[in-house]
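Trainee: sharing a model prediction with you, sequence too.
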Amino acid sequence: MIEEKRKDLSVRAERAILLGTLPSKGSANGDSLEELGRLAETAGAKVVENVLQKRDKIDPTYYIGRGKAEELAALCRDRDIDVVICDDDLTPAQVRNLEHLLNAKVVDRSELILYIFATRASTSQAQTQVELAQLEYTLPRLKRMWVHLDRIEGGIGTRGPGEKQLEVDRRLVSKKIFELRKRLKGIEDRRHHQVAARSNCLKVSLVGYTNAGKSTLMNSLTQAGVIVEDKLFSTLDTKTRTLHLENARRVLLSDTVGFIKKLPHHLISSFHATLEEVKQADLLLHVVDVSSPAALEQIKAVDEVLKELHCERKPTLLVLNKIDALTEEATLTLFKSMYPEAVAISSLTGEGLSELKKRTQEFFDRRCVELRLTCGIEDGRLTAYLYQKGYILSKRLHGHKISFHLLMEERYIPKISQLARDVEMSYAQDCHSE
């Protein structure tokens, strides 16, 4: 029965049809379902065929309309289809109606992404985040899961077993959601404290579309040993490593979960703890797979997710990755004309990485001023403050005095005179003079 099939939402090793819609004025081509196909393959399904329906308005009953749904039912029988994967989110009624008509499991885009995240989650934090997102997705759909029990022995003033079971399920799911949110709040608080404890460090976060090459870039810059796979969402947990720049400058570089078009809101809210690194970063490196035909759409999708995280105004450097995979040089020329400040690299071959590190350092240099400062060795509070807020280039002890050569953001300088009485301070001109 259909209700029994719904218990297993796996799409592993199943024969699948991809289903989507296009505006009537659009051109029906396979590119529209290309990303959905990659998601399906990542989940383990075997994509048999793509079906696109031109319509300006989604059908509230069958998503694609009764006539097209009947054609799809015949195709499912002929091709021995196990699952139909839709490129949009469906209502519980649409899922129920399609499954009864197609006699096959129906999975929408959010459900597919949640399944992939569930299979990728390896740490306790990631598993908790994914479980919360799944339950938040499931809660409003519980009514349709028990539709076969509706109105049995029920009526005005009575409650049938279906209604009773539905109430029990909702209560259990709501309680579990409350517990998971409480657990995640603790995780988020700890992560916030961890990030805050590194407030004296320069922080850079890699963001970008999934499979844009962020993990490969992370490995190339820091030898982090992050797992790299040619699959979507190969990593869900944030990895942070030290990146060494010139002048003994160090920054903390974080690799975050990849973004995607129409990323379920449940995932964004659940992964706030993981994305804390993005919110606290001084600089974002937006990594783009410039060899992808959908690169411009992917840039837009990432910008939309950053906006949801309230990070759209953060300083961002666009990184045009995978230039080694370009077949036409004109593509890179076009992107450079559109984004003149972007840096072109290949995280696989290493081309352009020195320029990327140079541009990263220049960004932080513009925010800092260079100081030469001498204070007494007994000024422990000042010394601690310099190490916390500044970037020590060198120090020298002479008698009862200690001299620092450092970089510091201007906003922190006024505090220096409040922490020590006898301070000699001057602005340096050349950070390479020592």
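Mentor: All right, it came through fine. Numbering: from 1, shown residues only.
Trainee: surely Asp59 meets Cys86?
Mentor: No. Between Asp59 and Cys86 there is no contact under Cβ atoms under 8 Å: 11.9 Å. In short, each C-beta sits where N, CA and C put it, glycine included.
Trainee: these two: which is more packed in?
Mentor: Taking neighbours as other Cβ atoms under 10 Å, Asp59 and Cys86 compare with Cys86 leading, 25 against 17.
Trainee: for that one, give me phi and psi.
Mentor: The phi/psi pair for Cys86 (degrees, to the nearest 10) reads phi -100, psi 150.
Trainee: for it, give the beta-bridge partners.
Mentor: Beta bridges link Cys86 to Leu19, judged by DSSP bridges.
Trainee: return the distance of it relative to Gly20.
Mentor: Distance check for Cys86 against Gly20: by Cβ to Cβ, to the nearest Å, it reads 7 Å.
Trainee: also Leu356?
Mentor: For Leu356, the distance to Gly20 equals 37 Å [Cβ to Cβ].
Trainee: now swap in Lys105 and tell me
Mentor: Using Cβ to Cβ, Lys105 is found at 17 Å from Gly20.
Trainee: more neighbours: these two, which one.
Mentor: A direct count of neighbours by other Cβ under 10 Å for Lys105 and Gly20 places Lys105 higher, at 22 against 19.
Trainee: contact partners for the residue nearest to that one when sequence neighbours are not counted?
Mentor: Using Cβ to Cβ, 6 or more residues apart in numbering and skipping residues adjacent in sequence, the residue nearest Lys105 is Val83, 4.5 Å away. Contact partners of Val83, counting by Cβ atoms under 8 Å, 6 or more residues apart in numbering, are Val11, Glu14, Arg15, Ala16, Ile17, Ala45, Ala104, Lys105, Val106, Val107.
Trainee: could you pull up phi and psi at Val83?
Mentor: Phi and psi for Val83, reported as degrees, to the nearest 10, are phi -140, psi 140.
Trainee: before we move on, what about Leu318?
Mentor: Taking degrees, to the nearest 10, you get phi -80, psi 130 for the backbone angles of Leu318.
Trainee: report how many residues lie close to the closest residue in space to it that isn't next to it in sequence.
Mentor: Nearest residue to Leu318, sequence neighbours excluded (Cβ to Cβ, 6+ apart): Ala342, at 4.0 Å. Here the number of neighbours of Ala342 (other Cβ under 10 Å) works out to 18.
Trainee: any chance you could map the strands in the protein?
Mentor: Using DSSP state E, the strands of the chain run over 15-22, 46-54, 83-86, 105-107, 202-208, 239-244, 250-255, 283-289, 316-321, 343-344, 368-376, 390-398, 401-409, 424-427.
Trainee: show residues contacting the last one.
Mentor: When contacts are defined by Cβ under 8 Å, 6+ apart, strand 424-427 is touched by residues Val369, Glu370, Leu371, Arg372, Leu373, Thr374, Cys375, Ile416.
Trainee: neighbouring strands of it in the sheet, and parallel or not?
Mentor: By DSSP bridges, strand 424-427 pairs with strand 368-376 (antiparallel).
Trainee: orientation of the strand it pairs with relative to strand 390-398 in degrees?
Mentor: Compare the direction of strand 368-376 with that of strand 390-398 by axes from the mean of the first three to the mean of the last three Cα atoms, to 10 degrees and you get 30 degrees.
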